[in-house]
Structure formats: C-alpha cells, structure tokens
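# Curious how this folds, go ahead:
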Amino acid sequence: MGPQNLPLQVLKLRERIARACSIAGRSAQSVTLLAAAKGHPPEQLAAAADCGLSDFGASYLQEGLADIAALRERPLRWHFIGQVQSNKTRAIAAAFSWVHAVDRLKIAERLSAQRPAPLPPLNVCLEVNIAGEASKGGVAPQATAALAAAVARLPRIALRGLMCIPPEESQVARQRHWFARLRALLEQLNAAGARLDTLSMGMSGDFEAAILEGATIVRIGTALFGPRV
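Take a look at the predicted model:
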C-alpha cells in the first residue's frame, strides 16, 4: 500500500475505533492508534505521521532504530512492541518511550538500570500469556501480580499496564473472551493497590473486540499499511 492511500486508511481506522468506542460507551480519545511499523519503509511511516499519527511501534530493534533515525525530526512516540532480549535492553532503554512486552524481572531490571538519567521514566507494560500458549512469551496470569509488584518498585520505570497477544479467533465473542481476561487481571491488580491505566491489546484482526473490553492502545500494522513486503 503506497503512502498516497494512507489518509483514507487512517480515516477508516479512526471511524472503526470511534464506532467501537461508541458501542462501549467510551470516548474515541481514550484509545491510542499505534502504527506497527514492522517492515514498512520510512516514507510510509512519514506519510502516516502526516495523517496525524504520533505513536509508532517497532518489533525488531535494528529496524526500529533505523526508523527512529529516519524520522527524528518529527515529534513521535516510539514503542518497542517485540520480545525483549537481554543483550538489547541498553539500546531499547535509550531509544524508546514505551516497552510493551516485559515478561521477566531480569529484563525490567536491565531496562531500569540502563535508562539514561536525562530521559523521563520508561513506560512499561507486562506481557501476559493470557491463554498459556507454549509458542508465545509472556508471564503466566497467576504470576502477574508478583512480577508487577517487583517491577513497580524499580527506579526509572513507570509500570503502566498489561499487554497480550491472544490466540487468533474468528468469532468476536471468542476474541472478547481473551481480552476480558486481561482486563479482569488489570482490575484485580488495581484493586490490590496497583495504579495501572493501560491495556495494550488488539491488532488488525481483532482491535474492535479489544476496544469493547477496554483496550487503551491498539497495535495496527496490516490494516494500516497493508501486508508486510
């Protein structure tokens, strides 16, 4: 999909987000459209920024660093949305504003220690393996509270919420089932004293169901940019 098509795609996505928010009794402004940049050229990302998008996500560090450098003149927020490897935490801590897939205390400790002092605290979401899938990362739901408590105590880190990548489902009711479980987990943590405000859940194929269950950030790639080349 070329940059010339992006204004229409952004408009369509915003309309779909607004419609889902209306059904859920929420403001459309309560949901951030995060453009998942994975594999798309910088000119497409620049065109998306020209359409008013300000939040961009990278799944791979080197791609993300290249995109950040290419668009450094623009006031964008960059989110690292891929799996975080220990040997890449220093670069991630220095270059990104958000990290969405922290699932181990060791990773959070490294991000905290390596976040440059002049920068504001790094916003972090804990990735939860909401369906217990062996093929995916994430902390087990029953272990989330202990990890959240430990991460919340770290300096240079702002624990903001939870993230998940649920099983691919074709039925909206099934999509909502998994997202509802993540929302319930966040509510349990907040009832116990956490102050979490972010549910990073929903992608191109299920973001409307995620919004109905309280998503505050939806990570959209294919529905925005088209398939990765």
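# Double-check Phe225 against Gln44; I have them as touching.
Yes. With contact defined as Cβ atoms under 8 Å, Phe225 reaches Gln44; the gap is 5.8 Å. Quick note: C-beta positions are derived from backbone N, CA and C, even for glycine.
# which of the two has more neighbours?
The neighbour comparison of Phe225 against Gln44 (other Cβ atoms under 10 Å) goes to Phe225, with 27 against 20.
# Chain neighbours aside, what residue packs nearest to that one?
His40 (4.7 Å; Cβ to Cβ, 6 or more residues apart in numbering).
# Does the one you found touch Pro227 like I think?
No. Counting by Cβ under 8 Å, His40 stays clear of Pro227, with 9.9 Å between them.
# now the strands for the chain?
Taking DSSP state E as the criterion, the chain carries its strands at 32-36, 55-58, 77-80, 98-102, 122-127, 157-163, 198-200, 217-220.
# mind exporting the second one as PDB, just the C-alpha atoms?
To tie it back to what came earlier, the one meant is strand 55-58. Extracted C-alpha coordinates of strand 55-58, given in PDB (Å, rounded to 0.1, in the frame of the first residue of the first chain):
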ATOM      1  CA  ASP A  55       2.600   6.700  18.200                       C
ATOM      2  CA  PHE A  56       4.700   4.100  16.300                       C
ATOM      3  CA  GLY A  57       5.700   0.600  17.300                       C
ATOM      4  CA  ALA A  58       8.800  -1.400  16.400                       C
END
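# That one: partners in the sheet, and parallel or antiparallel?
The strands beside strand 55-58 in its sheet (DSSP bridges) come out as strand 32-36 (parallel), strand 77-80 (parallel).
# Nice, that's everything, thank you.
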